[in-house]
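K.L.:
Pasting the sequence and the predicted model now:
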Amino acid sequence: MTKHAIRLSIALKSRWEDIKKHSGKDRGDISITTVIIWVAVVAGALAIAGTLGVVITKYNGKLSGI
């Protein structure tokens, strides 16, 4: 192996050990409650956008004079 490959291997091993050492701490996982809230927000936004699209399409001729 070349010197660079050996250095890279040592650096990666050292970094991996640091990551494993700190992995028991707060990992920042997203809770299921947060996921449920985001899904509800996106579904609500899609429902509103769909409703607006249907209303605009339905009354397109009547809205053109506004």
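P.N.:
Right, received. Where do you want to start?

K.L.:
what helix or strand does residue 15 sit in?
P.N.:
Under the criterion of DSSP states H and E, residue 15 resides in helix 3-22.

K.L.:
Need the CA coordinates for that helix. CSV is fine.
P.N.:
Output of helix 3-22 as CSV, limited to C-alpha atoms (Å, rounded to 0.1, in the frame of the first residue of the first chain):
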residue,chain,number,x,y,z
LYS,A,3,1.7,6.1,2.1
HIS,A,4,-1.5,7.9,1.1
ALA,A,5,-3.6,4.8,1.3
ILE,A,6,-2.3,4.0,4.8
ARG,A,7,-2.9,7.5,6.0
LEU,A,8,-6.4,7.5,4.6
SER,A,9,-7.1,4.1,6.2
ILE,A,10,-5.9,5.4,9.6
ALA,A,11,-7.8,8.6,9.3
LEU,A,12,-11.0,6.8,8.4
LYS,A,13,-10.6,4.3,11.2
SER,A,14,-10.1,7.1,13.7
ARG,A,15,-13.1,9.0,12.4
TRP,A,16,-15.3,5.9,12.5
GLU,A,17,-14.3,5.3,16.1
ASP,A,18,-15.2,8.9,17.0
ILE,A,19,-18.6,8.4,15.3
LYS,A,20,-19.2,5.2,17.2
LYS,A,21,-18.2,6.8,20.5
HIS,A,22,-20.7,9.6,20.1
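
K.L.:
Can you give the distance of the helix or strand just after it from its chain's centre?
P.N.:
Following helix 3-22 in sequence order, the next helix or strand is helix 32-58 (DSSP H and E). Centroid separation for helix 32-58 versus its chain: 17 Å, with CA atoms, centre = their mean, to the nearest Å.

K.L.:
Whichever helix or strand comes after helix 32-58 packs against which elements?
P.N.:
Going down the chain from helix 32-58, the next helix or strand is helix 60-63, by DSSP H and E. Taking 3 or more CB pairs under 8 Å, 6 or more residues apart in numbering; DSSP states H and E as contact, there are no helices or strands that helix 60-63 lies on. C-beta here means a position set from N, CA and C on the backbone, and glycine is covered the same way.

K.L.:
returning to what we had before: tell me the mean pLDDT for the helix holding residue 15?
P.N.:
Averaging pLDDT along helix 3-22 gives 81.
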